[in-house]
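Visitor: everything below, folded, please.
(chains A and B)
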Amino acid sequence: IQMTQSPSSLSASVGDRVTITCRASQSISSYLNWYQQKPGKAPELLIFAASSLQSGVPPRFSGSESGTDFTLTISSLQPEDFATYYCQQSYSSPLTFGGGTKVEIK
Amino acid sequence: EVQLVESGGDLVQPGRSLRLSCAASGFIFNDCSMHWVRQVPGKGLEWVSGISWNGDKIAYADSVKGRFAISRDNAKNSLYLQMNNLTPEDTAFYFCAKDPGEGTYSPGVGGLGFDAWGQGTLVTVSS
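Guide: Model (predicted):
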């Protein structure tokens, strides 16, 4: 299953609302997870099952789905949110990640 | 506190072998399936392999099938990745990752994501 993320990068300001999209090449039900990765660090799970917030993750992060399209939204971008975000499908093996979206400071 | 610590990364020549280890602590290791994920420096994430809680179910990416072997020792709270016939395309950081699901159907399938990761170990394949 191919996972296509868009955009590949974006520039935004603190306080902006940011939306990242991930499209699956076929139906994956709600088996979609989102990760955040900062430079030199391991990824961290933000959202699982398309819209469930991982424990400890701020509520400004949210996930939604519409068919094979999935969205990660950051309601008000904070300085610590500048990072690269990846989606991952866990519907079938091999598990696959999207190509990533780098969120940079405008 | 959940901790995953990888080791074993090194510079190796093409065609050689390497074994990575991941030491786990802070959670019930044999309740969880485990995975290896790799990342070429500056590039995206690639799932490599996963193993169910008891080792009965194993899955591999096509890119490593037949060359890599995942295993675990629940008595030692450890995960391993035996990598054979390495090529330059295997050069990457290798992360171990915890999956809260047991993976009894297929590791990671139907799962809720990888909720803990190690810091990674670098494998460089070059002559």
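Visitor: just list whatever residues bridge to the residue nearest the centre of chain B.
Guide: Taking Cα atoms, centre = their mean as the criterion, B:Trp36 is the residue nearest the geometric centre of chain B, at 2.3 Å. Beta-bridge partners recorded for B:Trp36 (DSSP bridges): B:Ser49, B:Cys96.
Visitor: tell me which residues touch it, please.
Guide: For B:Trp36, the contact set (Cβ atoms under 8 Å, 6 or more residues apart in numbering or on different chains) comprises B:20, B:22, B:47-50, B:70, B:79, B:81, B:94-97. All C-beta atoms are positioned from the backbone trio N, CA, C, and that covers glycine.
Visitor: quick one, grab the pLDDT at it.
Guide: For B:Trp36, the pLDDT comes out at 98.
Visitor: and if you look at B:Ser52?
Guide: At B:Ser52, the model reports a pLDDT of 96.
Visitor: which residue, neighbours along the chain excluded, lies closest to it?
Guide: Excluding the flanking residues, the one nearest B:Ser52 by Cβ to Cβ, 6 or more residues apart in numbering or on different chains is B:Gly103, at 3.7 Å.
Visitor: and that neighbour, how many residues sit next to it?
Guide: 26 (other Cβ atoms under 10 Å in any protein chain shown).
Visitor: so it, which state does it fall into?
Guide: Under DSSP: H, G, I helix; E, B strand; the rest coil, B:Gly103 falls in the coil class.
Visitor: just checking, it touches B:Asp31?
Guide: No: judged on Cβ atoms under 8 Å, B:Gly103 makes no contact with B:Asp31 at a distance of 10.7 Å.
Visitor: picking up where we left off before, what sits against the residue nearest to B:Ser52?
Guide: By Cβ under 8 Å, 6+ apart, B:Gly103 lies in contact with B:33, B:50-53, B:57, B:109, B:111.
Visitor: please, a ChimeraX command that selects the buried ones among those residues?
Guide: This is how ChimeraX selects the buried members of the contacts of B:Gly103, with burial counted by 16 or more other Cβ atoms under 10 Å in any protein chain shown:
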select /B:33,50,51,52,53,57,109,111
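Visitor: which members of the contacts of B:Gly103 are positioned in helices?
Guide: Among those, no member falls in helices (DSSP state H).
Visitor: all strands for chain B, in order.
Guide: B:3-7, B:11-12, B:18-25, B:33-39, B:45-51, B:58-60, B:68-73, B:78-83, B:92-99, B:116-117, B:121-125 (DSSP state E).
Visitor: how far is the fifth one from where the chain is centred?
Guide: By that I understand strand B:45-51. 6 Å (Cα atoms, centre = their mean, to the nearest Å).
Visitor: in it, what's buried?
Guide: Buried, per 16+ other Cβ under 10 Å, within strand B:45-51: B:45-51.
Visitor: which one of the contacts of B:Trp36 is nearest to chain A?
Guide: Within the set of the contacts of B:Trp36, B:Trp47 lies nearest chain A; the separation is 4.3 Å, counting by Cβ to the nearest Cβ.
Visitor: all strands for chain A, in order.
Guide: Under DSSP E, chain A gives strands at A:3-6, A:9-12, A:18-24, A:32-37, A:44-48, A:52-53, A:61-66, A:69-74, A:84-89, A:96-97, A:101-105.
Visitor: reformat those as TSV; add mean neighbour count.
Guide: Output for the strands of chain A, formatted as TSV (neighbours: other Cβ atoms under 10 Å in any protein chain shown):
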stretch	mean neighbour count
strand A:3-6	17
strand A:9-12	14
strand A:18-24	20
strand A:32-37	26
strand A:44-48	23
strand A:52-53	15
strand A:61-66	16
strand A:69-74	20
strand A:84-89	25
strand A:96-97	21
strand A:101-105	15
